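*Asks:* return atomic coordinates for the entry below.
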Amino acid sequence: MSEKIAIGILAYNEKDYIEDVVNSLYELDLPIYVIDDKSTDNTSDILNELLKENKISLIQNTKNLGAGLSTLELLKKVRKEGFKFLIKVDGDGQFSRKDIKKIKELLQTSQYDFIKSNRFWSEGIKGKIPNKRYFGNLIATMLLQLTSGTNKLFDPLNGLFAVNVKFLDIVNYKVYPKRYGYPYYFSALCAINNFRIFQINNTISYNNQSSQLSSIKMAFTLTRLVFHFHKIKIRNKLLIGKYQRSAFLDILFITFFFVSFTIFVRFILIFTPFKYFDTSYVGSWALILLTIGIFTVFIFIESFKEEKEIRNEYIHFDE
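*Replies:* Got it, this is the predicted structure:
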């Protein structure tokens, strides 16, 4: 099976790390594809030297596409070359060869279509993770679990993963994140399409890096993806008899969520200078909000329990 697996490395201004990353992964005896996303330092010069040494195959973007689109370009390239799996790695030296070797061995069992990583365990972080990334990942994890209907998946913004190239057949290019947030897209789409998933506990090393992510852009991207994937998973479940009850609960939850939100806004407006509502009904609206809110939470719990039984059949993970 080894000949059907390729390693793909994203490289953008990684002059301090890229040579060590390639040399370390070269020892795994897998073909290595590196995509240079129009680096502005001398990353390209280093990669051309590695190309001359026949250590890599090199893709050079004519313009900066972003990490998300560059990952799809790697997937397209390895599928064209006849590979079944891509192990996607970042060129910044944060991932360990031991974890990448573990992913390789899991793929060779032919049991999994998607292998993702989780850094949030006792030995998962070396150094100091930027606060922005830490809290962003916590929020992203909650959103992924809401979307996928399982509490078994964590750390959906982790950039170390492996995927079957058939993933390209189900990508929605209009929604897919061009730059940041793309690992979330991979995790969510694979989960709701019942890919056979394994989640490893990996270790990420931070070398005083600061995060360049825009919190506002990331929040907008993740919110957009949550709505997108909810629509897809409900549509998919409506087509399968044993999943239709779960789909009904999803629809019911979304309906009551928006009803609760509308009532909440109506309740808050009572205490504002906008005198659109009679304040004498504060108690009544508070009771309505509480009742609808409790019912919404109940429906969500039932919906989540129903879907968890579906998803967990396809998901395995490190203890």
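*Asks:* helices of the protein, residue ranges please.
*Replies:* 18-26, 43-52, 67-80, 97-107, 131-148, 182-192, 215-238, 244-269, 282-311 (DSSP state H).
*Asks:* pick the most buried one from the ones you listed.
*Replies:* Mean neighbour count (mean count of other C-beta atoms under 10 Å) peaks for helix 182-192 among these, with a mean of 25. Every C-beta, even on glycine, is put in place using the N, C-alpha and C of the backbone.
*Asks:* what's that helix in contact with?
*Replies:* 67-68, 71, 113-114, 116, 140, 143-144, 147-150, 153, 156-159, 161, 163, 167, 170-171, 175-177, 197, 221-222, 225, 229, 232-233, 236, 311, 314-315 (C-beta atoms under 8 Å, 6 or more residues apart in numbering).
*Asks:* for V34, find the nearest of the helices of the chain.
*Replies:* Closest approach to V34 among the helices of the chain (C-beta to C-beta): helix 43-52, 5.8 Å.
*Asks:* list the contacts for the closest residue to F257 other than its chain neighbours?
*Replies:* Nearest residue to F257, sequence neighbours excluded (C-beta to C-beta, 6 or more residues apart in numbering): T296, at 5.7 Å. Applying C-beta under 8 Å, 6+ apart to T296 gives the contacts 253, 256-257, 259-260.
*Asks:* between these, which is nearest P130?
*Replies:* F257 (31.9 Å).
*Asks:* how many residues are close by the residue nearest to L30 when sequence neighbours are not counted?
*Replies:* Spatial nearest neighbour of L30, chain neighbours left out: I7 (5.2 Å); criterion: C-beta to C-beta, 6+ apart. The number of residues packed near I7 is 27, by other C-beta atoms under 10 Å.
*Asks:* I7 and D250, how far apart?
*Replies:* Using C-beta to C-beta, to the nearest Å, I7 is found at 37 Å from D250.
*Asks:* same question for I234.
*Replies:* Taken as C-beta to C-beta, the span from I234 to D250 is 5 Å.
*Asks:* center of the chain, which residue is that?
*Replies:* Y184 (1.7 Å; C-alpha atoms, centre = their mean).
*Asks:* turn the helices of the chain into a markdown table, columns for mean pLDDT and distance to V89.
*Replies:* Formatted as a markdown table, the helices of the chain follow (pLDDT from 0 to 100; distance: least, C-beta to C-beta, whole Å):
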| stretch | mean pLDDT | distance to V89 |
| --- | --- | --- |
| helix 18-26 | 95 | 7 |
| helix 43-52 | 95 | 14 |
| helix 67-80 | 97 | 10 |
| helix 97-107 | 96 | 6 |
| helix 131-148 | 88 | 18 |
| helix 182-192 | 95 | 12 |
| helix 215-238 | 88 | 21 |
| helix 244-269 | 86 | 35 |
| helix 282-311 | 84 | 27 |
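*Asks:* mind putting these in a markdown table, distance to D36 included?
*Replies:* Formatted as a markdown table, those follow (distance: least, C-beta to C-beta, whole Å):
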| stretch | distance to D36 |
| --- | --- |
| helix 18-26 | 9 |
| helix 43-52 | 5 |
| helix 67-80 | 9 |
| helix 97-107 | 20 |
| helix 131-148 | 24 |
| helix 182-192 | 18 |
| helix 215-238 | 24 |
| helix 244-269 | 42 |
| helix 282-311 | 37 |
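*Asks:* right, and the ones you listed - which one's nearest G91?
*Replies:* helix 18-26 (4.8 Å).
*Asks:* which helices and strands does that closest one pack with?
*Replies:* If you count contacts as 3 or more C-beta pairs under 8 Å, 6 or more residues apart in numbering; DSSP states H and E, helix 18-26 packs onto strand 5-11, strand 32-36, helix 43-52, helix 97-107.
*Asks:* contacts for that helix?
*Replies:* Contacts of helix 18-26 (C-beta under 8 Å, 6+ apart): 7, 9, 11, 14, 32, 34, 43, 46-47, 50, 55-56, 89, 91-93, 97, 100.
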